[in-house]
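Only the shape, not the letters, is given here:
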């Protein structure tokens, strides 16, 4: 015989260390800390700014897509 029990527990993420949360997410195959480094992000945004400033709209769209893909880890 099986029984299903549902329990509600209030938990604050502040109760856990960041490293423990990252380890738990990684054990569940959840990508953690995706995206690019701060230097790479600044470089990408500088390129995007340049393309927008000089009306290179196709290039700007390509750079924006790449930046969003890198940051979110999903393809547009």
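Perfect, I can see it now. Since the model is a prediction, treat every value here as computed from it, not as a measurement.

When you work out contacts or count neighbours from here on, use the C-alpha atoms and nothing else.
Noted.

what about residue 50, distance to residue 42?
12 Å (C-alpha to C-alpha, to the nearest Å).

what is in contact with these two at once?
Listed as contacting both residue 50 and residue 42 by C-alpha atoms under 8 Å, 6 or more residues apart in numbering is no residue at all.

mind listing the helices for the chain?
18-27, 38-53, 57-72 (DSSP state H).

okay if I get these as TSV plus mean pLDDT?
As requested, these are exported to TSV (pLDDT from 0 to 100):
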stretch	mean pLDDT
helix 18-27	84
helix 38-53	91
helix 57-72	90
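
Adding distance to residue 10 and mean neighbour count as columns, could you present these in TSV?
Converted to TSV, those look like this (distance: least, C-alpha to C-alpha, whole Å; neighbours: other C-alpha atoms under 10 Å):
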stretch	distance to residue 10	mean neighbour count
helix 18-27	16	12
helix 38-53	34	14
helix 57-72	29	15
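
Nearest to residue 1 among the ones you listed would be which one?
helix 18-27 (30.7 Å; C-alpha to C-alpha).

how far does that closest one sit from the chain's center?
15 Å (C-alpha atoms, centre = their mean, to the nearest Å).

Check the gap between the most centrally placed residue in the chain and residue 65 for me.
With distances taken as C-alpha atoms, centre = their mean, residue 72 lies nearest the centre of the chain, 3.9 Å away. Distance, residue 72 to residue 65, using C-alpha to C-alpha: 11 Å.

same check, this time on residue 21
Applying C-alpha to C-alpha to residue 21 and residue 65 gives a distance of 29 Å.

what does residue 27 give?
According to C-alpha to C-alpha, residue 27 stands 29 Å off from residue 65.

same thing with residue 54?
For residue 54 relative to residue 65 (C-alpha to C-alpha), the value is 18 Å.

What pLDDT is listed against the closest residue to the residue nearest to the centre of the chain other than its chain neighbours?
Spatial nearest neighbour of residue 72, excluding adjacent residues (C-alpha to C-alpha, 6 or more residues apart in numbering): residue 35 at 6.4 Å. Residue 35 carries a pLDDT value of 70.
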